[in-house]
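>>> Here is the input, now give the coordinates:
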Amino acid sequence: MKEKIFSKNVLLMVGCIAISFFMQIVMCPIVSWVYGQECVENDAGTLDIMGASGEVGDTVTHVVRIQNAPNMVDSLGCEVKYDPTYLRYIGCTRGGCVTNFDFFSCTEPSTGIIRIGGFEAGNDVIPQGASCTLVELQFEVITGEPGTCPVTLTLQNLVDDFTGWSTSHGCFCIRGCGDGCEEDDSGSLDIKGARGCTGSMITHWVRIQNAPNEVKTFGFEIGYPKDALTYKGYIRGGCVVDFDQFDCRNPEPGRLICGGYEIMQDYIHPGETCDVVGLQFEVNINSECCTPDSCWTLDFTALYDQVEGWGTSHGCFCGGCSCDINGDGRITPMDAHCTLEMSVDICPTEFCGPCENLCCDVSGLGGKTLPDGDCTPADALCRFMEFLEIRPNCCNLSPNPECEGATCSTFIPCMEGSSCGNDGVCGTTAEGGGVCVYGPTPCDGLSDCTMSNDCPDGACFADSCCVRNVCVPRSAWCSEGELVPLAGDGPTFSGH
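Presented below is the predicted three-dimensional model:
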């Protein structure tokens with residue numbers, strides 16, 4: 001039992017002082033927020049409020065912490081000011097700093113103000129130099145616009161041993177639908193993108209592209225969106241299938257550490273391109289975020305050993321049904337098989353499990369537009385076409401992504417030396433994809449269209465020199481095969 005250094009009478013007196021602190025409303029100048037302004041996180045203070053995020057209806061926690069206490073603390077008091085338009089205070093939980101304090105409490109003397117205070121008459125004081133959690137404040141999220149940070153929580157009225165301490169505010173943000181990620185695959189170490197909706201399983205493959213040097217020992221860390229994805233495990237890739245040791249660990253939500261080593265001949269050779277690991281996640285986004293333009297970033301945060309210094313590129317997780325319906329990171333005939341079963345209500349599927357865990361509808365998705373709302377054989381056909389690399393299809397509208405956005409006025413040459421010779425020109429499909437087309441293709445031989453579904457043997461192109469939307473058959477696309485030019489006079493696709 002700890003030895004008290006104050007008498008009972010002194011304890012009673014201090015208790016009365018503490019109670020009076022909680023009952024009175026102190027009228028002092030305060031640091032305030034401006035309603036409606038976006039909060040920017042700051043954690044520089046000795047007494048700091050950590051940020052938090054959530055969705056309407058969630059319970060969120062803001063932690064108030066001490067960072068390198070400038071003096072010993074046995075008696076403390078402060079207030080937290082927040083915007084009650086967005087948050088409703090629920091209660092508090094003692095932090096490690098004050099677990100054994102004789103008295104500690106939180107009250108809300110007026111809406112938007114939380115008063116915190118406590119004292120310790122024994123030996124369990126907060127020592128000078130300590131860094132620890134003071135209190136956890138729980139709130140209910142009332143309202144807010146997704147993707148904004150409308151609330152700045154500030155500290156004010158510091159008393160007793162907190163007097164004179166520096167403070168820093170915390171931000172509350174309403175989780176939105178992604179962070180605007182755009183896919184990048186330029187790095188020697190790359191994370192491939194993936195797509196999925198709530199409840200589905202997805203796989204992000206980490207791959208090596210043209211290894212700059214041999215790799216016998218390596219490690220890397222990856223940050224992922226913990227609010228959108230829950231890590232479930234991994235699959236060894238071909239790079240490391242015979243490594244003596246390889247593993248991935250998830251020390252905390254949002255952070256992965258992977259690494260391995262090989263002492264014999266099964267190491268990664270210079271110039272090699274291969275998959276390192278397939279990272280498996282369960283998707284837990286809101287239904288309103290299940291759209292192709294809702295994308296989150298997964299990126300490398302640290303590289304070790306023989307991959308240190310390599311160029312890296314991030315991957316995007318986006319909402320919407322993935323053509324990879326079983327979540328193994330590859331689109332194969334099995335994905336089409338399961339989709340066809342679902343379209344005729346064969347559930348559970350033979351190879352992909354229960355239908356309620358699968359996301360079927362991709363016809364009309366195309367990476368650019370929304371699905372058509374039904375699970376039909378067309379969704380199975382899209383997946384099979386993507387496996388055969390018959391593009392564009394609803395899984396992949398851009399055989400030549402560098403051509404996306406091309407118009408008649410821009411005239412961008414492409415694929416020189418292919419079947420088009422030096423006459424390839426970029427075209428943009430009605431859905432937004434990019435394809436390299438034989439420029440001299442005559443417009444009068446091309447039928448009108450609205451979308452690529454109107455073109456059974458090709459795709460619908462917009463903004464070409466044909467002026468109208470036209471169906472261009474695959475035979476007029478530039479490729480490694482043989483070009484079959486169309487006959488006709490008058491204006492051409494490229495206008496040249």
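>>> What pairs with the strand or helix carrying residue 63, parallel or antiparallel?
Remark: residue 63 resides in strand 59-66, with elements defined by DSSP states H and E. Looking at strand 59-66 with DSSP bridges, its paired strands and their directions are strand 47-49 (antiparallel), strand 132-141 (antiparallel).
>>> which residues of this structure score low on pLDDT?
Along the chain, the parts satisfying pLDDT under 70 run over 1-37, 363-373, 391-394, 396-399, 453, 480-490, 495-496.
>>> Could you list the domains of it?
Per the record, the chain has its domains at 8-174, 189-387, 401-476, by automatic domain parsing.
>>> just the helices in the protein please.
Using DSSP state H, the helices found in the chain span residues 8-23, 333-343, 377-387.
>>> which residues of the stretch 101-250 of the chain fall in strands?
In the stretch 101-250 of the chain, the segments counted as strands under DSSP state E, counting those that start in this stretch are 103-110, 113-119, 132-141, 151-160, 167-168, 170-174, 189-191, 194-195, 201-208, 217-223, 229-236, 245-252.
>>> thinking again about what came up before, got TSV for the domains of the chain, with distance to residue 183 and mean neighbour count too?
The C-beta positions use only the backbone N, C-alpha and C, and glycine is treated the same way. Shown next, in TSV, are the domains of the chain (distance: least, C-beta to C-beta, whole Å; neighbours: other C-beta atoms under 10 Å):
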stretch	distance to residue 183	mean neighbour count
domain 8-174	20	17
domain 189-387	5	19
domain 401-476	9	19
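>>> Identify whichever of those domains lies nearest to residue 180.
Each of the domains of the chain has some distance to residue 180 by C-beta to C-beta; the shortest is domain 189-387, at 6.8 Å.
>>> Look up how far residue 492 lies from the residue nearest to residue 332 when sequence neighbours are not counted.
Once flanking residues are discounted, residue 332 sits nearest to residue 387: 5.6 Å by C-beta to C-beta, 6 or more residues apart in numbering. Using C-beta to C-beta, to the nearest Å, residue 387 is found at 33 Å from residue 492.
>>> got it, and residue 175?
Taken as C-beta to C-beta, the span from residue 175 to residue 492 is 50 Å.
>>> ok, back up a step: who touches the residue nearest to residue 332 in this structure?
Residue 387 sits next to 331, 332, 333, 335, 336 when contact means C-beta atoms under 8 Å, 6 or more residues apart in numbering.
>>> Now do the contacts for the fourth one.
When you say that, I think you mean residue 335. Applying C-beta under 8 Å, 6+ apart to residue 335 gives the contacts 323, 324, 325, 326, 352, 383, 387.
>>> nearest spatial neighbour of the fifth one, skipping sequence neighbours?
What that stands for is residue 352. The shortest distance from residue 352 to any residue that is not its chain neighbour, by C-beta to C-beta, 6+ apart, is 3.8 Å, and that residue is residue 338.
>>> So what pairs up with the spatially most central residue of the chain in the strands?
What sits nearest the mean C-alpha location of the chain, by C-alpha atoms, centre = their mean, is residue 296, with 2.5 Å. Listed by DSSP bridges, the beta-bridge partners for residue 296 are residue 317.
>>> so what's it up against?
Listed by C-beta under 8 Å, 6+ apart, the contact partners of residue 296 are 178, 179, 181, 224, 225, 228, 229, 316, 317, 318.
>>> Between those residues, which sits nearest residue 291?
Closest approach between the contacts of residue 296 and residue 291, by C-beta to C-beta: residue 318, at 8.3 Å.
>>> show me what contacts that closest one?
Contacts for residue 318 were tallied using C-beta under 8 Å, 6+ apart; they are 178, 181, 193, 194, 195, 292, 293, 294, 295, 296.
>>> Tell me where the stretch 301-450 of the chain has strands.
Using DSSP E, counting those that start in this stretch, strands in the stretch 301-450 of the chain cover 312-313, 315-318, 424-429, 434-438.
>>> gap between the first one and the chain center?
With C-alpha atoms, centre = their mean, to the nearest Å as the basis, strand 312-313 stands 16 Å off its chain's centre.
>>> what do you get for the third one?
Going by C-alpha atoms, centre = their mean, the spacing between the C-alpha centre of strand 424-429 and its chain's C-alpha centre is 31 Å.
>>> got the angle between it and strand 434-438?
Computed by axes from the mean of the first three to the mean of the last three C-alpha atoms, to 10 degrees, the angle separating strand 424-429 from strand 434-438 equals 130 degrees.
>>> where's the residue nearest to residue 219 when sequence neighbours are not counted relative to residue 52, distance?
Sequence neighbours aside, residue 259 is the residue nearest to residue 219 in space, at 3.1 Å (criterion: C-beta to C-beta, 6+ apart). Distance, residue 259 to residue 52, using C-beta to C-beta: 31 Å.
>>> ok, residue 177 - contacts?
Residue 177 neighbours (C-beta under 8 Å, 6+ apart): 146, 147, 285, 286, 288, 289, 291, 293, 294, 319.
>>> so the fourth one makes contact with residue 199?
No. With contact defined as C-beta atoms under 8 Å, residue 286 does not reach residue 199; the gap is 11.8 Å.
>>> about what we covered before: using TSV, lay out the strands paired with strand 59-66 together with distance to residue 423.
As requested, those are exported to TSV (distance: least, C-beta to C-beta, whole Å):
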stretch	distance to residue 423
strand 47-49	63
strand 132-141	58
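>>> can you tell me which of these comes nearest to residue 104?
Each of the strands paired with strand 59-66 was scored for nearness to residue 104 using C-beta to C-beta, and the closest is strand 132-141 (7.9 Å).
>>> mind saving the C-alpha coords of the closest one as PDB?
Only the C-alpha atoms of strand 132-141 are listed here, as PDB (Å, rounded to 0.1, in the frame of the first residue of the first chain):
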ATOM      1  CA  CYS A 132       2.000   9.300 -21.900                       C
ATOM      2  CA  THR A 133      -1.700   9.300 -22.500                       C
ATOM      3  CA  LEU A 134      -3.600  11.700 -20.300                       C
ATOM      4  CA  VAL A 135      -7.200  10.900 -21.300                       C
ATOM      5  CA  GLU A 136      -9.200   9.400 -24.100                       C
ATOM      6  CA  LEU A 137     -12.300  11.400 -25.100                       C
ATOM      7  CA  GLN A 138     -15.200   9.600 -26.800                       C
ATOM      8  CA  PHE A 139     -17.600  11.400 -29.200                       C
ATOM      9  CA  GLU A 140     -20.500  10.500 -31.500                       C
ATOM     10  CA  VAL A 141     -20.300  11.800 -35.000                       C
END
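>>> All set, thanks.
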